[in-house]
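>>> Sequence and predicted model, in that order:
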Amino acid sequence: MREYGEARRVLVVDDEPALRLLVGAVLRDAGWHVMEAESAEDALGMLPDAGPDVVLLDMRMPGMDGLEALGAIRAAVPGVPVVMLTAYGTVGSAVDAMKKGAFDYLTKPADNEELKAVLDKAWDYSRLVAENRELRQETGISEGFIGQTPQMERVRDLITQTGPTEATVLVMGESGTGKELVAAALHDVSARAKGPLIKVNCAALPGDLLESELFGYVKGAFTGATRDKPGRFQLASGGTLLLDEIGEMPLELQAKLLRALQERIVEPLGAVGAVPVDVRIVAATNRDLAAEVAAGRFREDLYYRLNVLEIRIPPLRERMDDMPLLVAHLLEKLGRKNRKQMREVSPRFLEVLSHYAWPGNVRELENALERALVLSRTDSLREEDLPPQVRAGGTPEGMQPVAAPSPATRGVVSTAAMDAAQPAARSADDASGLGRPGPTSLDDAEKQALVEALEAHGGHRQKTADALGISRRTLQYKLRKYGLTRRA
């Protein structure tokens, strides 16, 4: 990803030299780095080296037309937004192109301000897609694991540290936070990644059925057992076994599970001997297992056996700064599923999402976004597309409201870091006796510190992040939050 201050890159594809000249001049004045191609074939040849953030593509050209070129460009550079240029008489074709994945369309001759506004939106979309991709590449963690707040950085670091080991991991978190995703990520970065990842929901089956699912049975063990059936422990051999909702397991079965974990053997129902198993255990729960132990509902020895390493996933209400990334990722995923792409999300839409407590966490957010996507009558998401309880900032009927965190607690650059970022500027002001107006809010102070730190380090993101005591990914998020991803 390009660093702070570098020009945005647009590839203009049109067979009319005069139009390329005019559009190029307008966009260069707006700070874009403009590349030109006179045909779709030329553009496709340029793509590997050009690395455009946005493609502006004419609908009608000799040779390969716009619709065909759209598919080829999206296949060559997945995620790059393509804005179609069309004459008035072919607007219907441009709408068809949007259904096939185009970001937006403009009619010729394009209004200069509208052109810049549409490309700015396309740039913002391109940055979110690129940051999601960069997160996945840097961490090697599964696609759905999105977030760059300090809380999620901590979770990712724990996955990176513990994943390659054989240690048992206990994943704690409220319903809908993504415990299965963490288990999948642990498996993916382990030496067992080529083996199976087997999941069993301990809350979904009564005790006797759960026992046979876990440990298996032999033919004749009970009425209806007409063949041998291996249990999940055996099926997971060489890989990872996820015991989801472990807090729901009956007490009488917990003793058998403890023996399997300690001795690495299982005894299928009706068998006369034990079967060795080679599995790595990941357990997940939304219950406080320490409290369950104290209440006599969970075995203390099993708790300590499972809790070798603990990963706690923060609820969504405690990492609201991840909301733009989550929304971008989920809308991209849901758009593919429902064959409907959103070009724009209104600022008010995001604001409403950030004021709701999300008791169902990311799962509830995904459901709300899918509802909004399906019901929206336009290609832009608005506040009115959201469920009533989200718009009201409350919780669904029957649920207890959960207080959202204060904005002052959401990953703000520390006062010490702000002080460290601007000593020279402060000294100069003090020496002149003039001073400058102080920030009017915590956000203003943070933005001011970011700007001065960037200037002090020549726009270099990693050096700026180090100086502020935050990660590079957190810095990237904050730059986008305050509109600092490019120079004004």
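Thanks, I have the structure now. Numbering: from 1, shown residues only.
>>> Just want the phi and psi numbers for R297.
Main-chain torsions, R297, degrees, to the nearest 10: phi -100, psi -10.
>>> OK, contacts around the spatially closest residue to it that is not a sequence neighbour?
Distance criterion CB to CB, 6 or more residues apart in numbering; nearest residue to R297, sequence neighbours excluded, is L251 at 7.1 Å. For every residue, glycine as well, the C-beta is placed using N, CA and C. Residues near L251 by CB atoms under 8 Å, 6 or more residues apart in numbering: R297, F298, R299.
>>> E292 reaches M249, doesn't it?
No. Between E292 and M249 there is no contact under CB atoms under 8 Å: 10.4 Å.
>>> And the two? Which one has more around it.
The neighbour comparison of E292 against M249 (other CB atoms under 10 Å) goes to M249, with 25 against 18.
>>> give me every residue that touches the more buried one.
By CB under 8 Å, 6+ apart, M249 lies in contact with C202, L210, L243, L257.
>>> Just those: which are in helices?
Of these, the ones assigned to helices by DSSP state H are L210, L257.
>>> which parts of stretch 290-304 are buried?
Neighbour-count burial for stretch 290-304 flags E292, V293, R297, F298, R299, L302, Y303 (criterion: 16 or more other CB atoms under 10 Å).
>>> Tabulate the contacts of L251 (CSV), appending distance to G101.
CSV is the format used below for these (distance: CB to CB, whole Å):
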residue, distance to G101
R297, 51
F298, 50
R299, 53
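>>> now these in CSV, with distance to V327 and pLDDT?
Formatted as CSV, those follow (distance: CB to CB, whole Å; pLDDT from 0 to 100):
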residue, distance to V327, pLDDT
R297, 38, 94
F298, 37, 96
R299, 41, 95
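>>> Pick out whichever of the residues you listed sits closest to K337.
Of all these, K337 sits closest to F298, with 38.0 Å by CB to CB.
>>> The closest one and G247 touch, don't they?
Yes. Counting by CB under 8 Å, F298 does reach G247; the two are 6.5 Å apart.
>>> Give the burial count for S380, as a bare number.
Neighbourhood size, S380 [other CB under 10 Å]: 14.
>>> How much space separates it from P347?
11 Å (CB to CB, to the nearest Å).
>>> how much space between L119 and K256?
Per CB to CB, L119 is found 62 Å from K256.
>>> same check, this time on V77
V77 sits 53 Å away from K256, going by CB to CB.
>>> L119 and K256: which has the busier surroundings?
L119 (26 against 15).
>>> Excluding chain neighbours, give the residue nearest to the more buried one in space.
The shortest distance from L119 to any non-neighbouring residue, by CB to CB, 6+ apart, is to V54 (5.6 Å).
>>> That neighbour bridge partners, please.
Beta-bridge pairing for V54 (DSSP bridges): V10.
>>> Based on its surroundings, how many neighbours for it?
With other CB under 10 Å as criterion, V54 counts 25.
>>> Spit out the contact partners of it.
Going by CB under 8 Å, 6+ apart, V54 touches 8-11, 80-83, 103, 119, 122-123, 126.
>>> rewinding a little: which residues are in contact with both of F298 and G247?
Residues touching both F298 and G247 (CB under 8 Å, 6+ apart) are L289, E292.
>>> so what's A97 scoring on pLDDT?
pLDDT for A97: 73.
>>> Quickly find the element holding it.
helix 91-99 (DSSP states H and E).
>>> before we move on, what about L56?
Taking DSSP H and E as the criterion, L56 maps to strand 54-58.
>>> Of the contacts of L251, which is the nearest to E114?
Using CB to CB, the contacts of L251 come closest to E114 at F298, 61.5 Å.
>>> got the phi/psi numbers for that closest one?
Note on F298: backbone dihedrals following degrees, to the nearest 10 are phi -140, psi 140.
>>> coming back round to it: TSV please, covering the contacts of M249 and showing distance to M98, neighbour count and pLDDT.
Shown next, in TSV, are the contacts of M249 (distance: CB to CB, whole Å; neighbours: other CB atoms under 10 Å; pLDDT from 0 to 100):
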residue	distance to M98	neighbour count	pLDDT
C202	46	23	93
L210	49	21	92
L243	45	24	96
L257	53	25	94
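>>> Tell me the one of the contacts of M249 nearest L170?
L243 (9.6 Å).
>>> Surely the closest one and A284 touch.
Yes. Contact criterion CB under 8 Å: L243 and A284 qualify, at 7.1 Å.
>>> Bridging across strands, which residues link to the closest residue in space to S212 that isn't next to it in sequence?
Among residues not flanking S212 along the chain, L269 sits closest, at 5.6 Å (CB to CB, 6+ apart). Judged by DSSP bridges, the bridge partners of L269 are Y217.
>>> got it, and T107?
Using DSSP bridges, the bridge partners assigned to T107 are T86.
>>> distance of it from E68?
20 Å.
>>> out of these two, which sits in the busier spot?
More crowded of T107 and E68, by other CB under 10 Å: T107, with 17 against 12.
>>> Distance check, that one against A221.
72 Å.
>>> V279 too?
On the measure of CB to CB, V279 and A221 end up 22 Å apart.
>>> Looking at the two, which is more packed in?
Between V279 and A221, counting by other CB under 10 Å, V279 is the more crowded of the two (24 against 16).
>>> L235 is in contact with that one, correct?
No. With contact defined as CB under 8 Å, V279 does not count as touching L235 (9.2 Å).
>>> Am I right that M64 sits in a strand?
No. Under DSSP: H, G, I helix; E, B strand; the rest coil, M64 falls outside any strand and is assigned coil.
>>> what's the distance between A290 and E245?
Separation of A290 from E245 (CB to CB): 17 Å.
>>> Likewise for Q389?
Where E245 is concerned, Q389 sits at a distance of 26 Å (CB to CB).
>>> Next: K256.
From K256 across to E245, the span is 17 Å (CB to CB).
>>> A167 too?
21 Å.
>>> Show me which of the two is the more surrounded one.
When A167 and E245 are compared for neighbours, E245 comes out ahead with 18 against 14, by other CB under 10 Å.
>>> So that one sits against L205, correct?
No. Using CB under 8 Å, E245 makes no contact with L205, being 10.5 Å away.
>>> The helix or strand where A18 lies packs against which elements?
Assigned by DSSP H and E, A18 falls within helix 17-29. Helix 17-29 makes packing contacts with strand 8-13, strand 32-37, helix 112-139 when contacts are defined by 3 or more CB pairs under 8 Å, 6 or more residues apart in numbering; DSSP states H and E.
>>> Mean pLDDT added to those, as CSV?
What follows is these, written out as CSV (pLDDT from 0 to 100):
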stretch, mean pLDDT
strand 8-13, 90
strand 32-37, 92
helix 112-139, 72
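>>> These: which one's closest to M320?
Nearest to M320, of the helices and strands packed on helix 17-29 and by CB to CB, is helix 112-139 at 16.2 Å.
>>> Low-confidence ranges, the stretch 201-350 of the chain, go.
For the stretch 201-350 of the chain, residues meeting the criterion pLDDT under 70 lie at 343.
>>> can you map out the helices along it?
Taking DSSP state H, counting those that start in this stretch, the helices of the stretch 201-350 of the chain run over residues 207-215, 232-235, 251-263, 289-294, 300-306, 323-338, 347-354.
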